[in-house]
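sequence first, then the predicted structure, then my questions.
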Amino acid sequence: MPLGRFLNDTIANASCTAPLLDRSLFGSTGGYQPGRYCGLGSFEDGTTCCFPCPIQDWVYPPDWDDQLRVPNYLSILSVILCLFLLLSFAILPPEKTHRHYLSVGLLFPVLFISLSFVIPVGIEPEICYDAITPNDMRGSMSCAWTGSLVTLGGLGCVVWVFLRSLWLHIRIFWDRDPGWRFKWASIIVGTLVPLIFLIAILAATGFSYRMGRTCLPNHEHAIVTFWIWLVIFAIAAFLLQAVTTGYCFYVYIRTWKKQRRERSLNSFENEQQRSRFETWRNVRKLFLLQWRNILVSIFTILGSISFFIVFWTQDSKIGHVFNDPENIKPVKTWIICQTLSRGDKKECRKYVKNFTVPLATILISLVLASLIGIEIFILLFRRSIFYAWRDLLYNLLRRARGSRPPTPELTTFENPDKY
């Protein structure tokens, strides 16, 4: 018997065989309706069968939800460290913190991303609206907040990293000071661009629980309103960073080669050579001063790109095979196993490899996203910040002691040494 006919006969004879559920038993409003996995098609009696929500319970091991909590707890530390840096930048002297408007601007979106993973720790969100429908931003306040924070944080990170790469490129490659115009243009762009895209996503796309307890943009129009811009800004920042770094190596190699011939040059040529050496010294000095910022940009770009690849692939794979009866072939064997075994998850899990992203890959991408705050703290923190806080707290304690009322002078009765 052909595989497709066997599948149809198996399901049709028992209406919706466990674990499948009849779509007609559930409402047509509420939750993220396109997020239902009902692509098995309708049978002769009009029955449409759907897989239970969340689908991850069926395609991943039982502890998948506990494993995805690891990034949530790492994000708690990221939030604490980001807040500490922002507080240090706000209170301590600039010469101690080496603060820069591009560093402050990047810290806020990193904080937003970390908060999007922290919120589900204190709140147990309802991932599903009903037995077959994932919840969305209209039915879950946690979903609305986490989705918005992911959007502001994700796009904000790549925009600010692009601005940092552009600043460094102007400073090293063109040997120009970007100046105050670039500063205010960066603040405006870094603030408004993520907000504009957030409004577009709220209006045209929306958020729902796609994987784990943090909401992501829905599949519809998400590539236009979110993912493609995340990739564009990340790639643009990477290319600028690569050109700038390549220029530094070019100047170094050119200087090194000229230096080997320095002894055979006349005085005029020596003057030109000294000018080139001076150029290299300036480039080298700037490059060494900015190595932290370069690593910050690289880590942020890697996290953003991996996040996009993993979740767009996961969303496309599962949605493609479950919601289009003509493309259901990769999942047929797994569906047959589920229906014949009455929903034996462990027995049938070996058939899901062809249409899912491995859980380890998803976990790594989430961990990379949650570690951005910790990585930025390590790169932006300086020992002078610690000493500045020590001096500040010491001075505050000394002032507090000095403001106390003076101790009354002892009487002769209380001080026998005066006798």
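Thanks, I have the structure now.

was I right about Val121 contacting Val70?
No: contact criterion CB atoms under 8 Å: Val121 and Val70 do not qualify, at 11.2 Å. C-beta here means a position set from N, CA and C on the backbone, and glycine is covered the same way.

and stretch 240-259, how far from the chain's centre?
32 Å (CA atoms, centre = their mean, to the nearest Å).

pull out the buried positions in that stretch.
Across stretch 240-259, burial judged by 16 or more other CB atoms under 10 Å covers 240-241, 244-245, 247-248, 251, 255, 258.

quick one: which of those residues is nearest Arg171?
Distance ranking of the buried residues of stretch 240-259 against Arg171, using CB to CB, places Thr244 first at 8.7 Å.

how close does that closest one get to Leu166?
9 Å (CB to CB, to the nearest Å).

now do whatever helix or strand Leu102 lives in: which elements does it pack against?
According to DSSP states H and E, Leu102 maps onto helix 101-122. If contacts are counted by 3 or more CB pairs under 8 Å, 6 or more residues apart in numbering; DSSP states H and E, helix 101-122 sits against helix 70-91, helix 141-172, helix 179-204, strand 214-217, helix 291-322, helix 359-380.

highest average neighbour count across these?
Mean neighbour count (mean count of other CB atoms under 10 Å) peaks for strand 214-217 among the helices and strands packed on helix 101-122, with a mean of 28.

each with direction, which strands does that strand pair with?
Taking DSSP bridges as the criterion, strand 214-217 forms sheet pairs with strand 207-211 (antiparallel).

distance of the nearest residue to Leu77 once chain neighbours are set aside relative to Asn354?
Nearest residue to Leu77, sequence neighbours excluded (CB to CB, 6 or more residues apart in numbering): Ile374, at 6.1 Å. Look at Ile374 and Asn354: by CB to CB, they are 35 Å apart.

right, and the helices and strands packed on helix 101-122 - which one's nearest Trp389?
Taking the helices and strands packed on helix 101-122 one by one with CB to CB, helix 70-91 is closest: 7.2 Å.

buried set for the helix holding Leu102?
Applying a neighbour-count criterion of 16+ other CB under 10 Å, one finds 101-120 buried in helix 101-122.

surely Pro52 touches Trp58?
Yes: assessed by CB under 8 Å, Pro52 is found in contact with Trp58 at 7.2 Å.

which residues do these two both contact?
By CB atoms under 8 Å, 6 or more residues apart in numbering, Pro52 and Trp58 have these common neighbours: Pro19.

how about the contacts made by Leu21?
Residues in contact with Leu21 (CB under 8 Å, 6+ apart) are 49-52, 131-132.

and Leu107, how far from Ser365?
22 Å.

same question for Arg99.
Taken as CB to CB, the span from Arg99 to Ser365 is 30 Å.

ok, now Ile294?
Using CB to CB, Ile294 is found at 22 Å from Ser365.

do Ser75 as well
14 Å.

spell out the secondary structure type for Asp175.
State at Asp175, reduced to three classes by DSSP: H, G, I helix; E, B strand; the rest coil: coil.

neighbours of it, how many?
Using other CB atoms under 10 Å, Asp175 is surrounded by 11 other residues.

any stretches of this protein with poor pLDDT?
By pLDDT under 70, the low-scoring segments of the chain are 1-15, 39-46, 256, 258-290, 293, 317-330, 343, 402-419.

quick one: residues contacting the closest residue to Ser304 other than its chain neighbours.
With sequence-adjacent residues excluded and distances taken as CB to CB, 6+ apart, Ser304 is closest to Ala234, at 4.8 Å. Ala234 makes contact with 158, 161-162, 301, 304-305, according to CB under 8 Å, 6+ apart.

mind redoing it with 6 Å?
By CB atoms under 6 Å, 6 or more residues apart in numbering, the contact set of Ala234 is 158, 301, 304-305.

any idea how far it is from Ser297?
Applying CB to CB, the value for Ala234 to Ser297 is 10 Å.

which residues do those two both contact?
Between them, Ala234 and Ser297 share no contacting residue, judged by CB under 6 Å, 6+ apart.

now for the contacts of Leu21: which two are most distant?
It's Cys49 and Ala131 that sit farthest apart of the contacts of Leu21, by CB to CB, at 12.3 Å.

and these two? Which one has more around it.
Neighbour totals were compared for Cys49 and Ala131, and Cys49 leads with 25 against 12 (other CB under 10 Å).

check which helix or strand covers the more buried one.
Assigned by DSSP H and E, Cys49 falls in strand 49-50.

tell me which strands that strand pairs with, and in which orientation.
Here, using DSSP bridges, strand 49-50 pairs with strand 21-22 (antiparallel).

how far away from the center of its chain is the strand it pairs with?
36 Å.

ok, residues contacting stretch 182-196?
Counting by CB under 6 Å, 6+ apart, 101, 105, 152, 155-156, 159-160, 163 sit against stretch 182-196.

try it again with 10 Å
Contacts of stretch 182-196 with the rest of the structure, by CB atoms under 10 Å, 6 or more residues apart in numbering, involve 100-102, 104-106, 108-109, 112, 151-160, 162-164, 166-167, 170-171, 176, 178-179, 229, 233.
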